[in-house]
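1. The following block contains a protein sequence and its predicted model.
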Amino acid sequence: MPEPSTAPPAAEAASAQTSARPTAHAADLVVFGGTGDLSMRKLLPALYHSDRDGRLAPETRIIAMSRGGLDDADFRGKVEADVRPGLHADDAEGWDRFLGRLHHVTADVAGDARTHPGWGRLARMLAGREDVDRIFYLASPPMTFGPFCRAAHAAGLVTPRSRVVLEKPLGRDLEGARGINDEVGAIFEERQIFRIDHYLGKETVQNLLVLRFANAFLEPIWNSLWIDHVQITAAESVGTPGRRGYYDHAGALRDMVQNHLLQLLCLVAMEPPARNDRESIRDEKVKVLQALRPISGTEADRFTVRGQYAAGEVDGRAVPGYLDEPDKTPPTDASRHVETFTAIRAEVKNWRWAGVPFYLRTGKRMPYRRSEIVVQFKDVPHSIFPGGSPNRLVLRLQPSEGIHLHIMAKEPGAGDVVPRPVPLSLSFADTFRARVPEAYERLLTDVLAGNPTLFMRRDEVEAAWTWIDPIIATWESRDALPEPYAAGTSGPAAARELLGRSGRAWHEEDLP
């Protein structure tokens with residue numbers, strides 16, 4: 001047997017900190033769309049925090065590509081003005097180090113990359129660094145994914161150590177997704193393609209796997225014998241000002257359900273993987289998508305709801321309806337038909353989940369900003385206490401990430417036993433007393449490390465579209481308008497009826 005450690009606690013803590021120190025991965029990270037909204041709001045802040053926490057090697061460079069006509073100094077000035085104020089970056093030395101990593105190349109995917117001066121400059125910047133990982137992050141519309149990959153290949157920039165990151169949405173339907181996958185797949189091997197869904201980088205999502213598969217008490221009751229139903233909600237209080245042009249052609253189903261909510265459903269419903277490796281988890285997720293009961297025709301009428309927000313009040317202020325939101329794009333017939341809210345009753349047709357409904361809900365201009373998974377357990381078979389309620393597990397993804405298990409406990413006091421539901425709560429920020437990293441930090445770290453576990457495989461994306469497409473087809477064939485709901489409310493009445501028909505209700509409880 002090994003001898004027990006004689007090191008003092010301080011030494012053990014120091015050793016643990018050393019072993020937990022993050023690995024710094026060297027790379028050239030080329031961000032196409034590097035001056036856009038996603039880059040400025042999410043990617044660059046995440047990369048700054050990664051740099052500050054020691055996850056970027058000294059030789060790592062961040063090269064933004066855009067049509068902006070900026071040089072390196074211009075781009076760094078833009079980042080200083082637009083990004084730094086939101087970071088509270090008071091470490092001058094660290095900030096200067098981060099700025100030193102930044103470069104800018106003016107280029108486009110139009111024209112011949114072999115003669116375009118911007119692509120030529122990028123090729124010269126990357127020359128001689130073929131032994132360094134080369135990552136192309138496409139923070140741009142999906143229509144540019146194929147042309148970018150072809151241009152990068154024509155410019156001689158794609159190496160065996162290259163990876164490409166694709167932002168959602170990946171197409172508008174199964175046919176479009178297959179087309180994009182074919183275009184990108186003609187240049188990059190599947191192992192080099194990272195299809196990102198930032199919900200999978202959230203701490204609570206990571207903890208869902210640990211909660212299920214690292215605790216003996218939970219997995220035996222994670223099935224239809226003990227669980228009544230599951231709710232997955234992604235609610236936003238914001239609307240779509242300035243985004244009508246995009247949202248008219250996306251809608252809540254394509255924008256949120258096809259990727260974010262279905263990914264969460266997969267993690268809740270998947271079978272235990274054989275190993276915690278890059279393919280085993282993704283294999284199990286695909287099986288869930290393939291087991292989803294198809295919804296089309298009259299079943300789409302019964303099991304799906306779509307709504308569009310009208311004028312109302314959010315956080316004490318009046319807000320316009322979707323059709324009246326300020327936008328350079330005037331409302332069209334597509335605007336009248338697009339859904340800003342959708343709710344779906346889904347079923348996973350396998351032995352574990354037979355008869356357990358999964359309710360998916362997402363919407364804009366709702367009373368709160370909240371993303372959560374609620375696992376509602378069945379009531380006890382025979383209760384000896386009046387007034388009890390079933391147990392419930394709530395996994396809060398935002399705004400305050402944490403896990404809350406609601407159990408029945410006796411209310412203190414003499415006399416009759418009065419049971420009352422109380423939460424056993426785990427707040428990540430309070431418990432671990434550390435800043436909870438943003439989702440993009442985790443995912444970018446995985447991209448740099450070449451770990452695709454939290455990214456979607458081609459067959460996974462296409463399986464999700466295979467389930468979504470019949471719903472879209474039914475909605476379009478009906479040519480009916482979405483049900484209006486007042487901004488600041490929790491969606492149309494039909495969404496409440498979706499659960500109410502079986503005596504259930506949406507979880508609306510506010511948690512700490």
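-> Yep, that arrived.
2. for the residue nearest to Leu397 when sequence neighbours are not counted, phi and psi?
-> Excluding its sequence neighbours, the residue lying closest to Leu397 (CB to CB, 6 or more residues apart in numbering) is Ser371, at 4.0 Å. Glycine gets a C-beta too; all of them are placed from N, C-alpha and C. Backbone torsions of Ser371, given as degrees, to the nearest 10, read phi -130, psi 130.
3. Run through the bridge partners of Ser371.
-> Ala234, Gln398 (DSSP bridges).
4. ok, now Glu347?
-> Pro357.
5. circling back: need the contact list for the residue nearest to Leu397.
-> 199, 233-235, 396-398 (CB atoms under 8 Å, 6 or more residues apart in numbering).
6. Check Ser335 too.
-> Contact partners of Ser335, counting by CB under 8 Å, 6+ apart, are 244, 248, 322-323.
7. try 6 Å
-> 248, 323 (CB atoms under 6 Å, 6 or more residues apart in numbering).
8. In three-state terms, label it for me.
-> Three-state assignment for Ser335 (DSSP: H, G, I helix; E, B strand; the rest coil): helix.
9. roughly how far apart are it and Asp37?
-> Distance of Ser335 to Asp37, given as CB to CB, to the nearest Å: 21 Å.
10. Identify the residues contacting Glu59.
-> By CB under 6 Å, 6+ apart, the contact list for Glu59 reads Ala26.
11. Show the pLDDT at it.
-> Glu59 carries a pLDDT value of 92.
12. Which residue is the nearest non-sequential neighbour of the most centrally placed residue in the chain?
-> Centroid check for the chain by CA atoms, centre = their mean gives Tyr199 as the closest residue, at 2.0 Å. Leaving aside its chain neighbours, Tyr199 sits nearest to His260 (4.5 Å; criterion: CB to CB, 6+ apart).
13. Any idea how many residues pack against the one you found?
-> By the measure other CB atoms under 10 Å, the count of residues near His260 is 21.
14. Looks to me like Ala274 is in a strand.
-> No: Ala274 is assigned coil when assessed by three-state DSSP, not a strand.
15. any idea how far it is from Ser280?
-> 5 Å.
16. low pLDDT regions in the stretch 51-200 of the chain?
-> The model of the stretch 51-200 of the chain has pLDDT under 70 over residues 89.
17. Apply 90 and report the result again.
-> Under the criterion pLDDT under 90, the flagged ranges of the stretch 51-200 of the chain are 52-55, 67-70, 83-94, 107-118, 128-131, 140-143, 167-172, 197-200.
18. quick one: the helices in it?
-> 72-82, 92-101, 117-126, 145-154, 174-185 (DSSP state H, counting those that start in this stretch).
19. Out of those helices, indicate the one that is most buried.
-> Among the helices of the stretch 51-200 of the chain, judged by mean count of other CB atoms under 10 Å, the one packed with the most neighbours on average is helix 145-154 (a mean of 20).
20. between that helix and helix 174-185, how many degrees?
-> Helix 145-154 and helix 174-185 are oriented at 10 degrees to each other (axes from the mean of the first three to the mean of the last three CA atoms, to 10 degrees).
21. report the angle between the axes of the longest helix anywhere in the chain and helix 174-185?
-> When the chain is parsed with DSSP state H, its longest helix is helix 458-478. If you take the same axes, to 10 degrees, helix 458-478 sits at 150 degrees to helix 174-185.
22. which residues does the residue nearest to Gly312 when sequence neighbours are not counted contact?
-> Of all residues not flanking Gly312 in the chain, Ala487 sits nearest, at 3.2 Å (CB to CB, 6+ apart). By CB under 6 Å, 6+ apart, the residues touching Ala487 are 309, 312, 314, 319, 365.
23. need the contact list for the second one.
-> Spelled out, it's Gly312. So Gly312 contacts 486-488 (CB under 6 Å, 6+ apart).
24. In strands only, show me those residues.
-> Using DSSP state E, the subset of those located in strands is Ala486.
25. Just the closest of the contacts of Gly312 to Val422, please.
-> Gly488 (29.9 Å; CB to CB).
26. Quick check: the closest one vs Ala235, distance?
-> Counting by CB to CB, the gap from Gly488 to Ala235 is 12 Å.
27. How about the secondary structure of Ala343?
-> Under three-state DSSP, the three-state class of Ala343 is strand.
28. So in terms of bridging, what pairs with it?
-> Beta-bridge partners, per DSSP bridges, of Ala343: Val305, Arg361.
29. ok, how many other residues are close to it?
-> 27.
30. how about Gly201, what does it touch?
-> 439, 442-443 are the contacts of Gly201 under CB under 6 Å, 6+ apart.
31. filter the residues you listed to the buried ones?
-> Restricting the contacts of Gly201 to buried positions leaves 439, 442-443, with burial counted as 16 or more other CB atoms under 10 Å.
32. What average pLDDT does stretch 488-504 get?
-> So the average pLDDT for stretch 488-504 ends up being 95.
33. residues in contact with it?
-> Contacts for stretch 488-504 (CB under 6 Å, 6+ apart): 305, 307, 312-314, 341, 343, 345, 363, 366-367, 483, 485, 505.
34. Closest one to Ala214 out of those residues, please.
-> Arg345 (30.6 Å).
35. Could you find the closest non-adjacent residue to that closest one?
-> Phe303 (4.3 Å).
36. Any idea which of the contacts of stretch 488-504 the model trusts least?
-> Lowest pLDDT within those is found at Val314 (87).
37. So what sits opposite the nearest residue to Gln192 once chain neighbours are set aside in the bridge?
-> Of all residues not flanking Gln192 in the chain, Arg163 sits nearest, at 5.0 Å (CB to CB, 6+ apart). Beta bridges link Arg163 to Ile135 when assigned by DSSP bridges.
38. Contact partners for Arg163?
-> Applying CB under 6 Å, 6+ apart, we find Arg163 in contact with 135, 192, 194.
39. Switch those residues over to TSV, and while doing so, append neighbour count and distance to Lys378 to every line.
-> Compiled in TSV, these are given as follows (neighbours: other CB atoms under 10 Å; distance: CB to CB, whole Å):
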residue	neighbour count	distance to Lys378
Ile135	24	47
Gln192	20	45
Phe194	22	39
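40. Now render those as TSV, adding distance to Leu44.
-> Formatted as TSV, the contacts of Arg163 follow (distance: CB to CB, whole Å):
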residue	distance to Leu44
Ile135	15
Gln192	23
Phe194	18
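41. Out of those, flag the one nearest to Ile62.
-> So of the contacts of Arg163, ranked by how close each gets to Ile62 (CB to CB), first place is Ile135, at 9.8 Å.
42. and the closest one, how far is that from Leu267?
-> Taking CB to CB, one finds Ile135 at 25 Å from Leu267.
43. how about the strands of the stretch 351-500 of the chain, start to end?
-> 357-363, 370-377, 392-398, 402-410, 419-427, 483-486 (DSSP state E, counting those that start in this stretch).
44. typo on my end, it should be the stretch 101-250 of the chain
-> Using DSSP E, counting those that start in this stretch, strands in the stretch 101-250 of the chain cover 102-106, 133-138, 162-166, 193-195, 227-235.
45. Let's see the third one as PDB, backbone CA atoms only.
-> Once side chains and other backbone atoms are set aside, the C-alpha atoms of strand 162-166 remain, and they are given as PDB (Å, rounded to 0.1, in the frame of the first residue of the first chain):
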ATOM      1  CA  SER A 162      -5.800  23.000 -39.300                       C
ATOM      2  CA  ARG A 163      -9.300  23.100 -37.700                       C
ATOM      3  CA  VAL A 164     -12.400  25.000 -38.700                       C
ATOM      4  CA  VAL A 165     -15.100  26.200 -36.300                       C
ATOM      5  CA  LEU A 166     -18.600  26.700 -37.600                       C
END
